[in-house]
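> fold the following for me, if possible:
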Amino acid sequence: MKRNRILIIGGLSAGPSAAAKARRIDENAEILLFEKTAHISYATCGIPYALSGQIQSRDKLIVVQPNQLIERFKIKLHLNEPVTDIDPNAHMVYTHKGAYQYDKLIVATGGRAILPPIEGIENYHHWAHAKTLEDFDKIMKQDVVAKSDHITIIGAGLIGLENAENLVKVGKKVTVIELGDQILANWDLKFARMAENVLLENGIDLRLRTSVVGVDASTNELILNNGERLYTDYTLIGISIRPNTELLTSKGADHLPNGALIVNEKMETSLKDIYAAGDCASISHKITGDPGWFPMGTHSNKGGRTAGANAAGRVETFDGGYGTAIMKLFNYTIARTGMGPRELKRKGIEFNSSFTITGTTPGFYPDQKDMFLEIYFDPKSRALLGAELMGERGVDKRVDVLSTAIYAKLTIDDLPKLDLAYAPPFSPAKDPVIVAGFVAGNSLAEGYHEVSVTTAHETFSNPNVSNYAILDVRNPSEIHKSGMIEDAINIPLDDLRDRLTELNKKQHLFVYCAKGLRGYLASLILLHHGFENVSNIGGGFTAWNKIIGKSKFIELV
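Numbering: from 1, shown residues only. Model (predicted):
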């Protein structure tokens, strides 16, 4: 009986997962894995934490040692042997050492870090990417952390900001340079602004709408697009990655515009007997059904496992993902799942949103922390489409609940019905997820309109918009303590019914309180008394201060 010969290209995450799964299914298969470097299966996401010493040993980054793959799974491991060509018609793979025939081929070539065009970079030796173990070794060999006082990071995505946080924690002055007008491009602006404030509060020099166009190696200065010269001891570049797929796209494999290979639920490419998994491959977007690119270790492992199973003769599927992500940012955690407003608008998907601020523990329990949570949902089917969260405690728990809700196609009406764990150290009786469902449902059932602080701020800042009033329904003591939005009128909620004549029904009323609940109640009172154009500012003054940060302190008589 002929042995199945499975060749795997790429040894970081998806490749070893595919190899191990294929071996578990087919004991007799001949499995060869080619890796262009000397390392396999290491945790790239751990590199920022190794830079700061939180992960104390380089060896801790290694997930699977090469010998384990060889001895336990009987994989023929070809290290330091990059694949130079593939012939899909002849079922052949070529390296500088020889030619190899395959029955099934799994491409897990990952992605490569992008180097932006920077004049003079070829003569500048005080920089590195922070993506691979080789990058980490270069940084350690140059003794960057010990010798550098100031480190500049280009790119304000997940990896860039994780590096920034860890370097600040070991006493470095850090500048973060980002070409876009916000950090964390996949998040909505309001959450990006809150995260930016966290960076600033922790001493990070953040430069938005800025790029590095050149470098003066003789002075260790970065030349910025605004003409400024920035001295720095070292530069880390962490912009993004580009899928390594030219070996197959050049042979006609279907791919996304960025080069990521399009695969089906079995991880099969458009080329016969060739599978792809990991950062080089797309997966199905479970909300839209379109191919999507989600370069995350979670998907790499699942995709590799599926590809390995099918290459070995079993039928398994990987249905896809929808962009769940999380990041620690000093004392805060920021997370998201599903689709955000930018992507929903781009896809032409109708949606409503609901923004809430709730405690992650009961008010009577010590050291309560706020959670900022926004959910996006279909106003007709009421199905949950996405969520974004930020807070100091419990964000990981809630984002996973909401991710599971999206997978199960739950609606906003289902969220309050979830039987979530309750005890004072962990959650209030009405968990933030439960509250989010209630608030979203109320917005549809009771006809009041919620507006985000960013939208409200745009209105207040527009000189061409004037027929509106801002109503603060907090108590005067709260305003004395924390301030108020400029030009707001203060009528405490409990006095509102008796003072309705002070308001103009022909104006658009923007209502807010501390976090949203009293603003919601005030909105209902106004609507019941004939005010037709009422908007509750989601998250109230707490969200305004966190996101906009422009409050007016006044003396109330």
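> and the host helix or strand of residue 303, how far out from the chain middle?
The secondary structure element spanning residue 303 is helix 297-311 (assigned by DSSP states H and E). The chain centre lies 21 Å from the centre of helix 297-311; the measure is CA atoms, centre = their mean, to the nearest Å.
> next SSE downstream of that helix?
Past helix 297-311, heading to the C-terminal end, the next element that is a helix or strand (DSSP H and E) is strand 325-329.
> phi, psi of the nearest residue to residue 148 once chain neighbours are set aside?
Nearest residue to residue 148 in three dimensions, chain neighbours excluded: residue 233, at 3.7 Å (CB to CB, 6 or more residues apart in numbering). Yep, even glycine has a C-beta here, placed from its N, CA and C like the rest. Listed backbone geometry of residue 233 is phi -80, psi -30, with angles given as degrees, to the nearest 10.
> residues contacting residue 233?
Applying CB atoms under 8 Å, 6 or more residues apart in numbering to residue 233 gives the contacts 126, 144, 147-151, 220.
> one more time with 7 Å
Contact partners of residue 233, counting by CB atoms under 7 Å, 6 or more residues apart in numbering, are 126, 148-151, 220.
> residues contacting the residue nearest to residue 364 when sequence neighbours are not counted?
Beyond its immediate neighbours in the sequence, the residue positioned closest to residue 364 (CB to CB, 6+ apart) is residue 424, lying 7.4 Å away. Taking CB under 7 Å, 6+ apart as the criterion, residue 424 is in contact with 361-362, 365.
> switch the cut-off to 10 Å
When contacts are counted by CB atoms under 10 Å, 6 or more residues apart in numbering, residue 424 touches 361-362, 364-366, 368.
> report pLDDT for residue 552.
Looking at residue 552, its pLDDT reads 43.
> can you pull the buried residues of stretch 48-67?
Judged by neighbour count using 16 or more other CB atoms under 10 Å, the buried positions of stretch 48-67 are 48-52, 55, 61-64, 66.
> now stretch 217-237
In terms of neighbour count (16+ other CB under 10 Å), stretch 217-237 has its buried residues at 220-224, 230, 232, 234-237.
> quick revisit: now do the helix holding residue 303: which elements does it pack against?
Here helix 297-311 touches strand 5-9, helix 14-25, strand 104-107, strand 274-276, strand 283-284, going by 3 or more CB pairs under 10 Å, 6 or more residues apart in numbering; DSSP states H and E.
> pull out the CA atoms of the first one and give them to me as CSV.
Taking only C-alpha atoms (Å, rounded to 0.1, in the frame of the first residue of the first chain), the coordinates of strand 5-9 have been written out as CSV:
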residue,chain,number,x,y,z
ARG,A,5,3.4,11.8,1.4
ILE,A,6,2.5,15.1,3.1
LEU,A,7,4.8,18.1,2.7
ILE,A,8,4.4,21.1,5.0
ILE,A,9,6.0,24.5,4.4
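> what's the helix or strand for the closest residue to residue 78 other than its chain neighbours?
In space, and not counting its chain neighbours, residue 78 is closest to residue 34: 4.6 Å by CB to CB, 6+ apart. When secondary structure is defined using DSSP H and E, the element that contains residue 34 is strand 30-35.
> ok, the most centrally placed residue in the chain - contacts?
The centroid of the chain falls nearest to residue 325 when counting by CA atoms, centre = their mean (4.2 Å). Taking CB under 10 Å, 6+ apart as the definition of contact, the neighbours of residue 325 are 157-158, 184, 186-187, 294, 296, 298, 334-337, 388, 399.
> that older thread, identify the farthest-apart pair in the buried residues of stretch 48-67.
The span of these, defined through CB to CB, is set by 52 and 66 at 27.3 Å.
> so what's residue 420 up against?
With contacts taken as CB under 10 Å, 6+ apart, residue 420 has the following neighbours: 397-398, 401, 426-427, 429-434.
> and stretch 374-388, which residues are buried?
In terms of neighbour count (16+ other CB under 10 Å), stretch 374-388 has its buried residues at 374-378, 382-388.
> just how off-centre is it within its chain?
Centroid separation between stretch 374-388 and its chain, computed with CA atoms, centre = their mean, is 18 Å.
> thinking again about what came up before, for residue 256, see how far away the residue nearest to residue 364 is.
As judged by CB to CB, to the nearest Å, residue 424 and residue 256 stand 48 Å apart.
> what does residue 280 give?
Spatial separation of residue 280 from residue 256 under the definition CB to CB is 11 Å.
> what do these two both touch?
Between them, residue 280 and residue 256 share the contacting residues 243, 245, 293, judged by CB under 10 Å, 6+ apart.
> dump the residue contacts of the first one.
Going by CB under 10 Å, 6+ apart, residue 243 touches 109-112, 249, 255-256, 258-261, 276, 278-282, 293, 295.
> ditto for residue 416
Contacts of residue 416 were listed using CB under 10 Å, 6+ apart, and they are 430-431, 433-441.
> hang on, the earlier thing: next, the angle strand 30-35 makes with the helix holding residue 303.
Direction vectors for helix 297-311 and strand 30-35, defined by axes from the mean of the first three to the mean of the last three CA atoms, to 10 degrees, enclose an angle of 150 degrees.
> send me stretch 530-545 as PDB with only the CA atoms.
Extracted C-alpha coordinates of stretch 530-545, given in PDB (Å, rounded to 0.1, in the frame of the first residue of the first chain):
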ATOM      1  CA  GLY A 530     -43.900  66.000  23.800                       C
ATOM      2  CA  PHE A 531     -40.200  66.600  23.100                       C
ATOM      3  CA  GLU A 532     -39.600  64.800  19.800                       C
ATOM      4  CA  ASN A 533     -35.900  65.400  19.100                       C
ATOM      5  CA  VAL A 534     -34.100  64.000  22.100                       C
ATOM      6  CA  SER A 535     -30.700  62.200  22.100                       C
ATOM      7  CA  ASN A 536     -29.100  60.600  25.200                       C
ATOM      8  CA  ILE A 537     -25.300  60.800  25.100                       C
ATOM      9  CA  GLY A 538     -24.100  57.300  25.600                       C
ATOM     10  CA  GLY A 539     -21.800  56.900  28.600                       C
ATOM     11  CA  GLY A 540     -22.600  60.400  29.800                       C
ATOM     12  CA  PHE A 541     -20.000  62.700  31.200                       C
ATOM     13  CA  THR A 542     -17.700  59.800  32.200                       C
ATOM     14  CA  ALA A 543     -17.400  58.800  28.600                       C
ATOM     15  CA  TRP A 544     -17.100  62.500  27.500                       C
ATOM     16  CA  ASN A 545     -14.100  63.000  29.900                       C
END
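> mean confidence for it?
The average pLDDT for stretch 530-545 rounds to 95.
> going forward, count from 44.
Renumbered: residue one is now 44, and that last one reads stretch 573-588.
> distance from the chain centre to that stretch, please.
Distance, centroid of stretch 573-588 to centroid of chain: 27 Å (CA atoms, centre = their mean).
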